[in-house]
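Novice: build me a model from this:
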Amino acid sequence: MDMTYYDHGTPAERWERARMFFDAKDYAAAARVLGGLVEEAPDQTGPRLLLARSYYHSAQLLRAEAELRVLVERDPVEQYARLMLGRTLERQGRPEEAESHLRIASALAGDFERL
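Specialist: Have a look, this model is predicted:
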């Protein structure tokens, strides 16, 4: 597959392109753009989280899980990454693993009913 279009431009231009693909619900194309951005700047949360969301919405659940685990390992109190990881695990039929992440996400959001 020719990746030239997905890798073309400055990081800021590629970030905008990825957001446009995501907003248009072309999650696979967004993931192709974001993959390169995450490789270039692995410590940035925004691109990695949007990459995980793109994988989730395009049913690439193992890839979504891998990206979300990196985020949660790096920042254990990243509420949205915890929530997405829990939802990703649920979608894979792993509710027992999902539960702890969903509980932590609820606590971080101030929703103590789930606890």
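Novice: ok, Leu49 - how many residues close by?
Specialist: Leu49 has 19 neighbouring residues, counting by other Cβ atoms under 10 Å. All C-beta atoms are positioned from the backbone trio N, CA, C, and that covers glycine.
Novice: the residue nearest the centre of the chain and His8, how far apart?
Specialist: Most central residue of the chain, judged by C-alpha distance to the mean C-alpha position with Cα atoms, centre = their mean, is Ala52 at 2.0 Å. Using Cβ to Cβ, to the nearest Å, one gets 23 Å for the distance from Ala52 to His8.
Novice: again, but for Glu67
Specialist: Separation of Glu67 from His8 (Cβ to Cβ): 23 Å.
Novice: neighbour-wise, which of the two wins?
Specialist: Neighbour count, other Cβ under 10 Å: between Glu67 and His8, Glu67 has more, with 28 against 12.
Novice: okay, and the more buried one sits in which element?
Specialist: Glu67 is located in helix 61-74, with elements delineated by DSSP states H and E.
Novice: how far out from the middle of the chain is that helix?
Specialist: Using Cα atoms, centre = their mean, to the nearest Å, the mean C-alpha position of helix 61-74 is found 7 Å from that of the whole chain.
Novice: hmm, who's touching that helix?
Specialist: Identification of contacts with helix 61-74 by Cβ atoms under 8 Å, 6 or more residues apart in numbering yields 31, 38, 43, 45, 48-49, 51-53, 55-56, 78, 81-82, 84-85, 88-89, 91-92, 101.
Novice: any quick ChimeraX command for the buried ones out of those?
Specialist: Of the contacts of helix 61-74, the buried ones can be selected in ChimeraX as follows, counting by 16 or more other Cβ atoms under 10 Å:
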select :31,38,48,49,51,52,53,55,56,78,81,82,84,85,88,89,101
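Novice: which members of the contacts of helix 61-74 occur in helices, if any?
Specialist: 31, 38, 45, 48-49, 51-53, 55-56, 81-82, 84-85, 88-89, 91, 101 (DSSP state H).
Novice: okay, now the unreliable bits of the protein?
Specialist: Of all residues in the chain, those with pLDDT under 70 make up the ranges 1-5, 112-115.
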